[in-house]
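Trainee: Next input, structure requested:
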Amino acid sequence: MSAPAERRRTPPSAAERRPTPPNTAQRRERPRWPGPSLGPPAGRSGGQGCCAGSPRVPSWVAAEPWSERAGRRAPFRTLTRGLRPSLQARLSQPLHGPAASAGPPHTTTAAAAEAGVGGRAAGGKPAEGSGAEGREGRRAAPGVAMVVCPPTRYLVFFQYFGTKYSGVMETSNDQTLIGVQNYLEKAMQNLKPVAPVKFHISSRTDTGVHALCNSAHLDIQRAPGKPPFEEKQLVHGLNRHLKPEPICILNAHRVPSTFHARFSALSRTYVYRLLMGCSHHSEIPVFERDLCWAPGGGYLNVPAMQEAAQFLVGTHDFSTFRSLSSETPFQSPVRTVFQVDIQPSSGFLSHHYEHRGLEFWELKFRSRSFLYRQVRRMVGALVAVGQGKLTPHRIKELLELKDSRAFPPNAMAPPSGLFLKSVEYSEADLDTTVAPGE
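Mentor: Residues are numbered from 1 along each chain as shown. Predicted coordinates for the structure are as follows:
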């Protein structure tokens, strides 16, 4: 508040507080800035009025000439007597910095407009960096343009419980079950990137298939003035917005812009869990449901299955062991399987029901890539061998037929016991060749 007002012992009346506008002749003689109201001090984002939530300043107050030397002429104290003390203090400040000589208070230099310093860029549109998203721009010095960093590419490893999803790939949101990718990209948008982010998934999984470790690459561009995400910062931020979904980001790596999560992978490893000793599916432990397959008929002939599995190792035409899809005409059926193992395993809390004689087994398959439903068909054929429905040598004959119609009907394994265990990359791309979960 001005000095004369401070010496009053009684508050001024409403008539005394109301500013008296100058007459018409005075308004015509005074130079006016083009704007209808006073602009903010230099280096501040503009809006309507001098500050958010403040009363609108009359146009005849804006006509008061500015002076960098004295701030305001003497009549200004009288004109602002009815305004709030905080607003009086802001309006009383003289112009400083480069904007003082550039023109009226609400204008900025071209570089400052690009950085969002003036709040509005050319054409009257909000400048990037103004408002709630432009705190970085408002802190920058006037006249200095903010540097826009190029997108940063990351490789993220993640896991999920696949029973409640339509698969890992993105689907339309109007479906009953949607893909894991929908939730990943929604969580990424909550981290406020400049442009929408797309996850490029390395390995596709179907409905009900789980992943101990899948991977994807993504390009993130942040707002001007903000540095790229640190790896741990990105992991924690995504996991925070993925709750309560059964999806978890394991870790992240910054990779070159030429890296591709799908085509740069050296190999992929799948594991299928079998439960033996159950005569009916109702005998499966509650904590193992949707996580394994219990084939009917009791125990399986594991040595015969191991013998048959060796026919699947190597480079073959796996046309018999793939399901037809829209991509079938465009994909080569030739694949190289590096490893097929059948080993005993342990179940969740299995020591509490050892007396029931249940046995868990894992079938592991490793290759650079697999055909559509190839793993589930190979598991189903090996289980048929263990049940005595097929001979081990029949697996070799099926490979030589090279016809998907030759596959035994209803022999494909269900998706509930299948897990994508890991995706492996070279040391040139990552610090280690072993992916999480391996």
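Trainee: contacting residues around residue 228?
Mentor: Residues near residue 228 by CB atoms under 8 Å, 6 or more residues apart in numbering: 149, 152, 220, 222, 254. Using the backbone N, CA and C atoms, a C-beta is placed for each residue, glycine as well.
Trainee: Ok, residue 326 next?
Mentor: Contacts of residue 326 by CB under 8 Å, 6+ apart: none found.
Trainee: and it, what element?
Mentor: In the assignment (DSSP states H and E), residue 326 maps to no helix and no strand.
Trainee: So what's the residue count around residue 393?
Mentor: As a burial measure, residue 393 scores 11 neighbours (other CB atoms under 10 Å).
Trainee: Make sure it is indeed in a strand.
Mentor: No: the assignment for residue 393 is helix, going by DSSP: H, G, I helix; E, B strand; the rest coil, so no strand is present there.
Trainee: Pull up the per-residue confidence for it.
Mentor: For residue 393, the model assigns a pLDDT of 96.
Trainee: about what we covered before: among the contacts of residue 228, which ones are buried?
Mentor: Listed as buried from the contacts of residue 228 are 149, 152, 220, 222; burial here means 16 or more other CB atoms under 10 Å.
Trainee: circling back to that earlier point, among the contacts of residue 228, pick out the one closest to residue 277, please.
Mentor: residue 254 (47.6 Å; CB to CB).
Trainee: Okay, strands next: where are they in the stretch 151-300 of the chain?
Mentor: 152-160, 200-201, 210-220, 247-254, 267-276 (DSSP state E, counting those that start in this stretch).
Trainee: Which other helices and strands does the last one contact?
Mentor: Translated: strand 267-276. If contacts are counted by 3 or more CB pairs under 8 Å, 6 or more residues apart in numbering; DSSP states H and E, strand 267-276 sits against strand 334-345, strand 359-367, helix 374-386, strand 418-424.
Trainee: Now the first one: buried residues?
Mentor: The reference is to strand 334-345. 335, 337, 340, 342, 345.
Trainee: okay, that strand in PDB with CA atoms only?
Mentor: Only the C-alpha atoms of strand 334-345 are listed here, as PDB (Å, rounded to 0.1, in the frame of the first residue of the first chain):
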ATOM      1  CA  VAL A 334      11.800 -73.100 -41.500                       C
ATOM      2  CA  ARG A 335      13.000 -72.600 -37.900                       C
ATOM      3  CA  THR A 336      16.100 -73.600 -35.900                       C
ATOM      4  CA  VAL A 337      15.400 -75.000 -32.400                       C
ATOM      5  CA  PHE A 338      18.500 -74.800 -30.300                       C
ATOM      6  CA  GLN A 339      17.300 -76.800 -27.200                       C
ATOM      7  CA  VAL A 340      14.500 -79.000 -26.100                       C
ATOM      8  CA  ASP A 341      14.700 -80.300 -22.500                       C
ATOM      9  CA  ILE A 342      12.300 -82.200 -20.200                       C
ATOM     10  CA  GLN A 343      13.300 -81.800 -16.500                       C
ATOM     11  CA  PRO A 344      11.500 -82.300 -13.200                       C
ATOM     12  CA  SER A 345      10.400 -79.100 -11.400                       C
END
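Trainee: per-residue confidence averaged over it?
Mentor: For strand 334-345, the per-residue pLDDT averages 96.
Trainee: ok, now the third one?
Mentor: The average of the pLDDT scores along helix 374-386 is 97.
Trainee: Going forward, count from 17.
Mentor: Okay, using 17 as the starting number, the last item reads as helix 390-402.
Trainee: Can you check what angle separates that helix from strand 375-383?
Mentor: Counting by axes from the mean of the first three to the mean of the last three CA atoms, to 10 degrees, helix 390-402 lies at 130 degrees to strand 375-383.
Trainee: which other helices and strands contact helix 390-402?
Mentor: By 3+ CB pairs under 8 Å, 6+ apart, helix 390-402 packs against strand 283-292, helix 318-325, strand 350-361, strand 375-383, helix 408-417, strand 434-440.
Trainee: How about the last one?
Mentor: The criterion is 3+ CB pairs under 8 Å, 6+ apart, and the helices and strands that strand 434-440 contacts are strand 226-236, strand 283-292, helix 390-402.
Trainee: what about residue 200, how many residues close to it?
Mentor: When neighbours are counted by other CB under 10 Å, residue 200 comes out with 26.
Trainee: What of residue 378?
Mentor: Neighbours of residue 378 (other CB under 10 Å): 18.
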